[in-house]
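# What follows is a predicted protein model with its sequence.
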Amino acid sequence: MKKIISSIMLISIIFSICIPVFSDNIDDNNNINYSQAKDSLNFCDAILDNEFSGDGVIYVTMHHDVSDVGKIYTQSDFPEIEIENIFDITSANINSKKEDYGPDFKNILKIILVHKDRDGVISSIEKLQFRANVDIYWVEPS
């Protein structure tokens, strides 16, 4: 029985050594280095082959650093795109604080575009791509 347990422990230790325990895009304080992470954030390449619903809606996830419970986003927060309407669809209690949700809290926005066709959606996503290293975590079409 000791040999079986010892063997299992040895195998567990060997496998745990193989698991990477850090990322190049995260510093010692668990902050994302957006300038390095930007290379992996290419919104358009990820969606070009997707089918679009045709409703002119995009979903924008903001970075944790700029997100907050109850934060109100307006068209002026996205001057590079033409917006018909914007809704915060983050599931958070308005009476809570950002810290109550932990370090992964992010605002999720539903943005209805003026130009609802496929080209309008892709164009808007391309424009928001430039903010990937600033305040936008992800953008995708409806």
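Arrived safely, thanks for sending. Numbers count the residues shown, from 1 in each chain.

# give me the element G70 is part of.
Of the helices and strands defined by DSSP states H and E, none includes G70.

# That one contacts K97, doesn't it?
No - between G70 and K97 there is no contact, the gap being 9.4 Å when judged by CB atoms under 8 Å. All C-beta atoms are positioned from the backbone trio N, CA, C, and that covers glycine.

# Show the model's pLDDT score for P20.
What the model reports as pLDDT for P20 is 46.

# How about G56: what's its closest non-neighbour residue?
Nearest non-adjacent residue to G56, counting by CB to CB, 6 or more residues apart in numbering: K116, 2.7 Å away.

# count of residues packed around that neighbour?
By the criterion of other CB atoms under 10 Å, K116 has 16 neighbours.

# count of neighbours near G102?
When neighbours are counted by other CB under 10 Å, G102 registers 8.

# Which strand or helix spans I111?
strand 108-113.

# just checking, what packs against that strand?
On a contact count with 3 or more CB pairs under 8 Å, 6 or more residues apart in numbering; DSSP states H and E, strand 108-113 meets strand 57-62, strand 83-88, helix 118-129.

# between the ones you listed, which one is nearest to D104?
Checking those against D104 by CB to CB gives strand 57-62 as the closest, at 10.9 Å.

# Report pLDDT for Q75.
Reported pLDDT for Q75: 95.

# E84 too?
pLDDT, read off for E84, is 97.

# Can you give me the distance of it to Y137?
23 Å (CB to CB, to the nearest Å).

# between the two, which one's more packed in?
Neighbour count, other CB under 10 Å: between E84 and Y137, Y137 has more, with 21 against 13.

# And the more buried one, how far from F87?
According to CB to CB, Y137 and F87 sit 17 Å apart.

# Likewise for L113?
For L113, the distance to F87 - CB to CB - is 13 Å.

# Who has more neighbours out of those two?
Comparing L113 with F87 by other CB under 10 Å, the one with more neighbours is L113, at 23 against 12.

# residue boundaries of the helices in this structure?
2-18, 34-37, 43-47, 118-129 (DSSP state H).

# Determine which of those helices shows the lowest mean per-residue pLDDT.
helix 34-37 (a mean of 42).
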